[in-house]
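Participant: Sharing a model prediction with you, sequence too.
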Amino acid sequence: MSDADPDLVLRSTRVVTPEGIRAASVAVTTVDGRISAVLPHDAALPPAARLEDLGDDVLLPGLVDTHVHVNDPGRTEWEGFASATRAAAAGGVTTLVDMPLNSVPPTTTVRALETKRAVARAAAHVDVGFWGGAVPGNVPDLKPLHDAGVLGFKCFLLHSGVDEFPHLAPAELDAALREIAGFGGLLIVHAEDPHLIDRAPRPSGPRYADFLASRPREAENRAVAGLIELAREHAARVHILHLSSAEALPMIAAARREGVPVSAETCPHFLTLTAEEVPDGATEFKCCPPIREAANQDALWQGLADGTVDCVVSDHSPCTADLKARDFGEAWGGISSLQLGLPAVWTEARRRGRTLEDVARWMSTAPAGLVGLAHKGAIEPGRDADFAVLAPDETFTVDPAALHHRNQVTAYAGRTLYGVVRSTWLRGRKIADHGTPTPPTGRLLERQPTA
Ligand SMILES: [Zn+2]
């Protein structure tokens with residue numbers, strides 16, 4: 001901590017704090033990038049401070065998106081650190097955590113981690129952390145990766161979509177989890193059961209219903225059940241990625257009541273888009289697990305409301321436009337939404353009577369907590385001065401040309417959303433103004449030692 005005086009005050013009639021939404025003046029010391037105090041709205045300015053009066057625009061903690069596929073290096077025609085972090089900054093995201101696959105090399109060794117860091121360092125418009133990968137044969141790499149600062153480990157139970165990041169067979173999963181539990185790490189899992197996916201009809205053709213039938217809920221439900229058992233057996237922290245099947249919610253809730261260290265996230269597309277509305281051939285809506293029916297979506301919202309689901313993160317997973325062929329069997333699975341997650345989720349949250357306090361908890365505080373970034377995720381003294389300034393009652397229509405990610409394909413094209421991100425702030429400096437990013441000032445983040 002610094003003993004320097006605050007030199008910036010952001011004042012708003014609606015500041016989203018852990019104690020609720022209230023009028024406040026947030027004092028920031030830009031030399032260390034921290035919030036120094038949350039003062040009354042009409043507090044006198046500290047002597048050296050510049051005032052940024054936001055009026056009635058809402059001051060939110062910057063979003064922490066723990067599920068982003070940056071694909072850099074190796075598949076930079078799909079995405080890259082410069083373009084992804086520009087999209088993040090424009091969308092109110094101040095921290096992202098990069099997934100270990102789709103880049104080449106994948107982040108399964110310390111050497112690969114250093115390769116990624118070297119690429120990200122100069123290009124990052126927001127703060128960037130890294131997940132490691134657990135793949136067959138790399139158990140000896142897990143502890144070194146943990147010591148080198150990855151925030152946890154991702155694995156698959158079935159084909160990942162790219163051959164250089166193979167999935168774990170049951171015995172390999174058990175061995176990886178035992179190792180990770182031994183040093184108090186976190187395992188994050190793409191939870192679909194390979195046998196039930198194999199038994200389902202093969203996807204092909206332009207009909208969304210055929211694709212949906214190829215990724216049944218039972219595959220998710222069974223995988224989640226197995227992971228809960230493993231988390232219990234090893235007393236190991238396991239996080240369920242991109243939960244789509246709401247049928248798995250009661251199991252997760254029961255396990256948590258029992259004290260099993262399992263957590264879950266869902267994604268903006270599962271909360272805002274429905275299977276019923278996907279047009280034939282619209283493979284920009286393809287992801288795995290898939291977007292399901294409206295009734296399932298209602299139940300996911302209930303899971304967020306009752307705390308069974310902790311986080312809402314993007315699973316931004318872009319590719320080049322040609323890989324989004326009009327055939328659901330052939331198209332790349334992944335939805336690009338890094339820049340749109342906040343307005344997409346807020347639009348639906350608002351319709352369902354939820355508040356921006358809820359949105360900040362799901363999209364900032366809880367993801368920061370998941371990965372142990374204690375200095376991120378809330379507007380309170382001592383935390384980083386990371387903010388998203390939102391005009392929540394204004395609308396805009398999604399124009400893919402206004403998106404900063406590399407390939408401007410998105411399932412949200414043409415939608416009218418509530419919530420315009422006016423500006424984004426990282427450690428007390430404005431990093432995007434009305435959708436336009438400033439030069440990169442992001443830093444690379446490492447796992448923080450737990451107390
Ligand atoms: Zn993903």
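Facilitator: Received the coordinates, thanks.

Participant: mind checking how far the closest residue in space to Ala176 that isn't next to it in sequence is from Leu186?
Facilitator: Excluding its sequence neighbours, the residue lying closest to Ala176 (Cβ to Cβ, 6 or more residues apart in numbering) is Ala134, at 4.3 Å. Glycine gets a C-beta too; all of them are placed from N, C-alpha and C. Using Cβ to Cβ, to the nearest Å, Ala134 is found at 11 Å from Leu186.

Participant: Look up the residues that both of those two are in contact with.
Facilitator: Phe153, Ile180 (Cβ atoms under 8 Å, 6 or more residues apart in numbering).

Participant: on contacts alone, who are the packing partners of the helix ranked longest in the chain?
Facilitator: Counting by DSSP state H, the longest helix found in the chain is helix 217-234. Here helix 217-234 touches helix 170-182, helix 194-199, strand 237-240, helix 249-258, strand 262-266, going by 3 or more Cβ pairs under 8 Å, 6 or more residues apart in numbering; DSSP states H and E.

Participant: Tell me who's in contact with Leu370.
Facilitator: By Cβ under 8 Å, 6+ apart, Leu370 lies in contact with Thr66, Leu186, His239, Ser263, Glu265, Asp310, Cys311.

Participant: can you do 7 Å?
Facilitator: Thr66, His239, Ser263, Asp310, Cys311 (Cβ atoms under 7 Å, 6 or more residues apart in numbering).

Participant: just curious, which of these is nearest to Gln339?
Facilitator: Ranked by distance to Gln339 (Cβ to Cβ), those are led by Thr66 at 16.4 Å.

Participant: re earlier: if you count what's nearby, which of Ala134 and Leu186 comes out ahead?
Facilitator: Just comparing Ala134 and Leu186: by other Cβ atoms under 10 Å the higher neighbour count belongs to Ala134, 31 against 23.

Participant: I figured that one hits Cys155, correct?
Facilitator: Yes. Assessed by Cβ atoms under 7 Å, Ala134 is found in contact with Cys155 at 4.2 Å.

Participant: before we move on, back to that, adding pLDDT and distance to Asp5, write the contacts of Leu370 out as CSV.
Facilitator: As requested, these are exported to CSV (pLDDT from 0 to 100; distance: Cβ to Cβ, whole Å):
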residue, pLDDT, distance to Asp5
Thr66, 98, 34
His239, 98, 40
Ser263, 98, 39
Asp310, 97, 37
Cys311, 98, 35
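
Participant: Just name the closest of these to Glu52, please.
Facilitator: For those, the nearest to Glu52 is Thr66 (28.1 Å; Cβ to Cβ).

Participant: Against Arg222, how distant is the residue nearest to Ala176?
Facilitator: Relative to Arg222, and taking Cβ to Cβ, Ala134 is found at 20 Å.

Participant: Same question for Leu444.
Facilitator: 37 Å.

Participant: Would you indicate which residues of the helix or strand encompassing Leu113 are buried?
Facilitator: Following DSSP states H and E, one finds Leu113 within helix 110-123. By neighbour count on 16 or more other Cβ atoms under 10 Å, the buried set for helix 110-123 is Val110, Ala112, Leu113, Thr115, Lys116, Arg117, Val119, Ala120, Ala123.

Participant: could you measure the fifth one against Leu249, distance?
Facilitator: From Lys116 across to Leu249, the span is 34 Å (Cβ to Cβ).

Participant: before we move on, what about Leu157?
Facilitator: Counting by Cβ to Cβ, the gap from Leu157 to Leu249 is 19 Å.

Participant: And the contacts of stretch 439-451?
Facilitator: 85, 95, 117, 120-121, 123-129, 149-151, 184, 372-374, 426, 429, 431.

Participant: re earlier: what about Leu444 and Arg222, which has more around it?
Facilitator: Of the pair Leu444 and Arg222, Arg222 is the one with more neighbours under other Cβ under 10 Å, namely 20 against 15.
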